[in-house]
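>>> Give me the fold of what follows.
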Amino acid sequence: MKIAIFTDTFYPDINGVAGTLKRLTTYFEDQNIDFKIFAPDSNSNDYSSTNIHLFKSRSFFLYPECRLAFPNLLQIKSELQHFSPDLIHVATPFNIGLCGIYFSKKLNIPLVGSYHTNFDHYLHYYDLHFLSKIHWKYMLWFHRTCRKLFVPSTETFLQLKHHGFSNLELWPRGVDCQLYHPYYDKNAVQCHYSTQGKYLLTYVGRLAPEKDIKTLFAVAKSIPAEINEKLHWLIVGDGPLREELQAQAVANMTFTGYLYGKSLAEVYSASDLLVFPSPTETFGNVVLESLASGTPVIGAKSGGVKNIIKAGITGDLCKPGNVQEFRDAIIQILTDDGLREQMGIAGRDYALTQRWDRIFENLTWHYTNVIEEQNGQKYA
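Take a look at the predicted model:
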């Protein structure tokens, strides 16, 4: 099996799409599946591979980590003809993704796609909601020739079905439970970040409007003084709102910037709660990582997040933007040590069932079916 992936973001970019595709290509390497990545160059130049072809690019204003590339069609055609893939997978709906669609038609290579980002929800946070109809028309056009369109959650599946998409298949996300676990040294994390207070509350994600960070800060400021003096916030991530948020931050709040690997896993493990108000997630990787770390999550009852959190069992779900619901959930779980411990155990148990190898095995099974269907049509 030979797979060509066309994506407008890839490792070392920091976002769910890039991370998922990097894990997928690592799986390909382990399974001796040949692959070729077509992607934009990145701000970071510390990653190179013979399996990846990079193009000059600029950041996309709605999502700076997703870049608009300037591909060379002749180079792509030459590489595809030399590689001779059995299947093309387009992961993003921008320039590189368009190239994947074009060459799947031109070279008669079967096409699948994956849907990762709720750009329609993003429009609301950037005062561009008037573009919603145009957005959905474009997305339907973009994916119409995909034999399969992989979506990360049941909620996203239902949303796309409602908008007229077809050939939908679930492709959830897994988690590395050897990296993310509850057994790191909490005291070391508290010492490293000079945290004060009995409880550690954490947010992990981009500092951008679509993550509803304003609700997070309103929640932090609404905590009663007698509880607030016992807790400390870690804000893990970066983005266009960081400078503004730091100016508004409460005294017991520390900004860490982006964290990676073990450093991130240690913070999850040391935290008493992850608070994640984003209503725009198609999945919510950070939620699953936190649960794997034995840390309950309070999230928005929206998007893919509500398919991961079991309210009252592994955390709680709140109405998006509802400061009072988030505040009350935080207080309830923080002030009940037994409940918090039970939620941490239940979250870890759930995360242990979300294995990447099984998820990728199912994906490659779908790949095989599409390829065999193409070959059957070819020789019929």
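>>> Show me the strands in the stretch 201-350 of the chain, by range?
For the stretch 201-350 of the chain, the strands defined by DSSP state E, counting those that start in this stretch occupy 231-236, 253-257, 273-276, 297-300, 315-318.
>>> so what does the longest one touch, helix or strand wise?
It stands for strand 231-236. strand 199-204, strand 253-257, helix 261-270 (3 or more C-beta pairs under 8 Å, 6 or more residues apart in numbering; DSSP states H and E). Quick note: C-beta positions are derived from backbone N, CA and C, even for glycine.
>>> Tabulate those in a markdown table, adding columns for distance to residue 355 and mean neighbour count.
Converted to a markdown table, the helices and strands packed on strand 231-236 look like this (distance: least, C-beta to C-beta, whole Å; neighbours: other C-beta atoms under 10 Å):
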| stretch | distance to residue 355 | mean neighbour count |
| --- | --- | --- |
| strand 199-204 | 22 | 23 |
| strand 253-257 | 29 | 15 |
| helix 261-270 | 17 | 19 |
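>>> Any chance of a markdown table for the ones you listed, columns distance to residue 119 and mean pLDDT?
Formatted as a markdown table, the helices and strands packed on strand 231-236 follow (distance: least, C-beta to C-beta, whole Å; pLDDT from 0 to 100):
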| stretch | distance to residue 119 | mean pLDDT |
| --- | --- | --- |
| strand 199-204 | 21 | 98 |
| strand 253-257 | 25 | 96 |
| helix 261-270 | 26 | 97 |
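>>> Quick one: closest of these to residue 22.
Evaluated with C-beta to C-beta, these place helix 261-270 nearest to residue 22, the distance being 12.5 Å.
>>> Give me the contacts around the closest one.
179-186, 188-190, 200, 202, 204, 234, 236, 256, 259, 274, 289-290, 292-295 (C-beta atoms under 8 Å, 6 or more residues apart in numbering).
>>> quick revisit: so which of the strands of the stretch 201-350 of the chain is the most surrounded?
strand 297-300 (a mean of 28; mean count of other C-beta atoms under 10 Å).
>>> Tell me, what's the model's pLDDT at the closest residue in space to residue 41 that isn't next to it in sequence?
Distances taken as C-beta to C-beta, 6 or more residues apart in numbering place residue 54 nearest to residue 41, at 4.4 Å, with adjacent residues excluded. Looking at residue 54, its pLDDT is 88.
>>> starting at the chain centroid, how far to whichever strand or helix holds residue 54?
For residue 54, the host element (DSSP states H and E) is strand 52-55. Relative to its chain's centre, strand 52-55 lies at 22 Å (C-alpha atoms, centre = their mean, to the nearest Å).
>>> residues making contact with that strand?
With C-beta under 8 Å, 6+ apart as the criterion, strand 52-55 contacts 10, 36-42, 69-72, 75-76, 79, 96.
>>> thinking residue 15 is in contact with residue 9, fair?
Yes - between residue 15 and residue 9 there is a contact under C-beta atoms under 8 Å: 6.1 Å.
>>> more crowded one of those two?
residue 9 (28 against 18; other C-beta atoms under 10 Å).
>>> is it true that that one touches residue 18?
Yes - between residue 9 and residue 18 there is a contact under C-beta under 8 Å: 4.7 Å.
>>> For residue 5, pull up the helix or strand it's in.
Going by DSSP H and E, residue 5 is in strand 2-6.
>>> Buried ones in that strand, by neighbour count?
Buried positions in strand 2-6, judged by neighbour count with 16 or more other C-beta atoms under 10 Å: 3, 4, 5, 6.
>>> What strands line up against that strand, and which way round?
strand 34-40 (parallel), strand 87-90 (parallel) (DSSP bridges).
>>> Nearest to residue 333, out of the helices and strands packed on strand 231-236?
strand 199-204 (9.8 Å).
>>> by contact count, what packs against that closest one?
helix 186-192, strand 231-236, helix 261-270, strand 273-276, helix 285-292.
>>> what's the closest of the ones you listed to residue 137?
That would be helix 285-292 among these, by C-beta to C-beta, at 28.8 Å.
>>> taking the mean pLDDT, what do you get for the closest one?
98.
>>> helices and strands around it, which ones?
So helix 285-292, by 3+ C-beta pairs under 8 Å, 6+ apart, packs with helix 16-30, strand 199-204, helix 261-270, strand 273-276, strand 297-300, helix 337-352.
>>> and it with strand 199-204, angle?
If you take axes from the mean of the first three to the mean of the last three C-alpha atoms, to 10 degrees, helix 285-292 sits at 150 degrees to strand 199-204.
>>> buried residues in helix 285-292?
Result for helix 285-292 [16+ other C-beta under 10 Å]: buried residues 285, 286, 287, 288, 289, 290, 291, 292.
>>> what do you get for stretch 239-255?
239, 241, 242, 245, 249, 252, 253, 254, 255.
>>> Give me the residues contacting the strand holding residue 5.
Against strand 2-6 from outside (C-beta under 8 Å, 6+ apart): 21, 24-25, 28, 33-39, 80, 83-92, 96-97, 99-100, 109, 367.
>>> do the same with stretch 135-143
Here stretch 135-143 has contacts from 93, 97-98, 101, 113, 115, 119-120, 123, 149, 163-165, using C-beta under 8 Å, 6+ apart.
>>> for the stretch 51-200 of the chain, what spans make up the helices?
73-83, 95-106, 119-125, 132-143, 154-162, 186-192 (DSSP state H, counting those that start in this stretch).
>>> Tell me which of these lies nearest to residue 324.
Judging the helices of the stretch 51-200 of the chain by C-beta to C-beta, what sits closest to residue 324 is helix 119-125, at 21.3 Å.
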